[in-house]
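K.L.:
From the sequence below, what's the structure:
(one chain, ligands or ions: 1)
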Amino acid sequence: MKTDEKLMMRALAGETLTTPPVWMMRQAGRYLPEYKATRAEAGDFLSLCYNPDLATEVTLQPIRRYGFDAAILFADILLVPQALGADLWFETGEGPRLSTIQSKADFNKLGNPEDVHETLSPIYQTIRNLREALPKETALIGFAGAPWTVATYMIAGRGTPDQAPALALMKEHPAVFDALMDKITDATIEYLIQQIKAGAEVIKLFDSWAGALTGFQFPKYITRPAAKIASVLREEQPHVRLIGFPRGATPDGYVNFVRETDVDCVAIDGSIDAQWAADNLQTETCVQGNLDQRLLVAGGDKLVSETKRIVETLSHGPHIFNLGHGITPDADPKNVEIMIKAIRG
Ligand SMILES: Cc1c2[nH]c(c1CCC(=O)O)Cc1[nH]c(c(CCC(=O)O)c1C)Cc1[nH]c(c(CCC(=O)O)c1C)Cc1[nH]c(c(C)c1CCC(=O)O)C2
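P.N.:
Here you go, the predicted model:
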């Protein structure tokens, strides 16, 4: 099978398909007992990310169980800050912790973008393993966090509800903030080019906190860095397909993002109405989304009717079925089967 015969690659090339390809954000994760077992074997989450054999295994688990049309590399967006020299650890039950960036002195301690590969080379090995191991019909997605989202964690040293520390640095030390954004952008380009060379066919850029930026900040710090990353990747690796995810953007923000970045696909979050996306985004590009991930906890008739509504609403143009955000640890693995049956019939 040639790469362009995969359902996922056909949708990304702009084809309207009778049945959309399907995969899920966080499809390798704690809702799966087999994931928890492999994570326990690795010891902790970061050891799992940096162990190519075990990271390959957890990437494949949801493919074996459900036959998704795409596998997403098992890694994390916070490996790039770590490769730039930030301290990174995960507090059990709480989430990530990093050393913070509050000043020019903190920024100056970071390494160079072209030196990230020493830390990140196990990730490239995971991708090479996956290209060997994946079924021929399954596309392989690599990814990185978008600069703004990565910056919010580097500045605050953790996830924050409103991204206030990053917004404060932007206002109070704009030169440090801009230099940090540029460094993350360059490191992300370095990282993604190596992912593509190792065998990633698709790259997804996660801007999970895009919704915190308004007015002029959105084009400057969401759209522009994504457009830069997209244009360099395309120049160096013309066959790559790109998915952008400016989560929480306003409808105008989504339109601006699609026009200016020219991504092959835009992922929409749960706040975006599927019919609006069909009318305003799918006319320009492939749309990925956007089932409410909470329905995979609750299940029932609503799961089936919502899945079918999204498939039908987005059936007149290129569509990749996915969730509005990542599947949660309390989701029932059986509900994923019900969702897939509702999509594929
Ligand atoms: C913001 C963000 C992060 N990581 C990621 C994002 C962007 C997407 C989003 O908005 O969810 C992206 C990510 N993280 C992970 C993947 C792997 C691929 C996949 O989607 O299956 C991907 C694509 C694994 C992970 N990343 C993490 C886990 C859970 C770790 C565990 O096993 O305990 C997994 C499977 C940990 C993580 N990593 C991050 C946080 C805030 C946390 C803690 C919260 C949580 O536990 O869900 C940062």
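
K.L.:
Please count neighbours and contacts with C-alpha atoms only from this point.
P.N.:
Fine.

K.L.:
Tell me who's in contact with the residue lying closest to residue 106 once chain neighbours are set aside.
P.N.:
With CA to CA, 6 or more residues apart in numbering as the criterion, residue 106 has its nearest non-adjacent residue at 7.5 Å, and that residue is residue 100. Applying CA atoms under 8 Å, 6 or more residues apart in numbering, we find residue 100 in contact with 86, 106, 154, 155, 156, 157.

K.L.:
So residue 287, which state does it fall into?
P.N.:
strand (DSSP: H, G, I helix; E, B strand; the rest coil).

K.L.:
partners of residue 321 in the sheet?
P.N.:
Counting by DSSP bridges, residue 321 forms beta bridges with residue 22, residue 289.

K.L.:
How many neighbouring residues does it have?
P.N.:
By the criterion of other CA atoms under 10 Å, residue 321 has 25 neighbours.

K.L.:
So it is in contact with residue 286, correct?
P.N.:
No. Between residue 321 and residue 286 there is no contact under CA atoms under 8 Å: 10.7 Å.

K.L.:
Just the closest residue of the stretch 201-345 of the chain to the ligand, please.
P.N.:
Across the stretch 201-345 of the chain, no residue is closer to the ligand than residue 208, which sits at 4.4 Å (CA to the nearest ligand atom).

K.L.:
likewise the chain?
P.N.:
For the chain, CA to the nearest ligand atom, closest residue to the ligand: residue 26, 3.0 Å.

K.L.:
Need the pLDDT of that residue.
P.N.:
Listed pLDDT for residue 26 reads 98.

K.L.:
before we move on, what about residue 93?
P.N.:
Per-residue confidence (pLDDT) for residue 93: 84.

K.L.:
does it count as helix, strand or coil?
P.N.:
Applying three-state DSSP: residue 93 is coil.

K.L.:
Could you shift the numbering so residue one becomes 339, and keep it that way?
P.N.:
Sounds good: first residue 339 from here, last item residue 431.

K.L.:
Adjacent strands (with direction) for the one helix or strand residue 478 maps to?
P.N.:
If you go by DSSP states H and E, residue 478 is part of strand 477-483. Paired neighbours of strand 477-483 in the sheet (DSSP bridges): strand 408-410 (parallel), strand 540-545 (parallel).

K.L.:
pLDDT weak spots in the stretch 339-488 of the chain?
P.N.:
Applying pLDDT under 70 to the stretch 339-488 of the chain picks out residues 339-342.

K.L.:
Could I get the full set of helices for it?
P.N.:
Along the stretch 339-488 of the chain, counting by DSSP state H, counting those that start in this stretch, helices occupy 345-350, 371-380, 383-387, 390-404, 417-421, 442-446, 455-471, 485-494.

K.L.:
The third one near the ligand at all?
P.N.:
This points to helix 383-387. Yes. Using CA under 6 Å from any ligand atom, helix 383-387 comes into contact with the ligand via residue 383.

K.L.:
So for that helix, what gets flagged as buried?
P.N.:
Across helix 383-387, burial judged by 16 or more other CA atoms under 10 Å covers 383, 384, 386, 387.

K.L.:
cool, the fourth one as well?
P.N.:
When burial is assessed from 16+ other CA under 10 Å, helix 390-404 yields the following buried residues: 390, 392, 393, 394, 395, 396, 397, 398, 399, 400, 401.

K.L.:
Also stretch 459-476?
P.N.:
Quick answer for stretch 459-476 (16+ other CA under 10 Å): 460-469, 472-473, 475-476.

K.L.:
from the residues you listed, which two are the most distant?
P.N.:
Farthest apart among these by CA to CA are 460 and 475. That separation is 24.8 Å.

K.L.:
How about the longest helix along the chain, which residues are buried there?
P.N.:
Ordering each helix of the chain by length in residues (DSSP state H) puts helix 512-536 first. If you call a residue buried by 16+ other CA under 10 Å, then helix 512-536 has these buried ones: 514-515, 518-519, 521-534, 536.

K.L.:
cool, stretch 498-505 as well?
P.N.:
For stretch 498-505, by 16+ other CA under 10 Å, it's 501, 503, 504, 505.

K.L.:
from those residues, which is closest to residue 664?
P.N.:
residue 501 (19.5 Å).

K.L.:
doesn't residue 671 make contact with residue 637?
P.N.:
No. Taking contacts as CA under 8 Å, residue 637 lies outside contact range of residue 671: 10.2 Å.

K.L.:
Off-centre distance for stretch 568-585?
P.N.:
Put simply, stretch 568-585 sits 13 Å off its chain's centre (CA atoms, centre = their mean, to the nearest Å).

K.L.:
Give me the helices and strands touching the longest helix of the chain, please.
P.N.:
Here helix 512-536 touches helix 417-421, helix 442-446, helix 455-471, strand 477-483, helix 485-494, helix 502-510, strand 540-545, helix 562-574, going by 3 or more CA pairs under 8 Å, 6 or more residues apart in numbering; DSSP states H and E.

K.L.:
and the angle for it with helix 502-510?
P.N.:
If you take axes from the mean of the first three to the mean of the last three CA atoms, to 10 degrees, helix 512-536 sits at 120 degrees to helix 502-510.

K.L.:
For helix 512-536, what is the distance to the chain centroid?
P.N.:
For helix 512-536 - counting by CA atoms, centre = their mean - the centre lies 15 Å from the chain centre.
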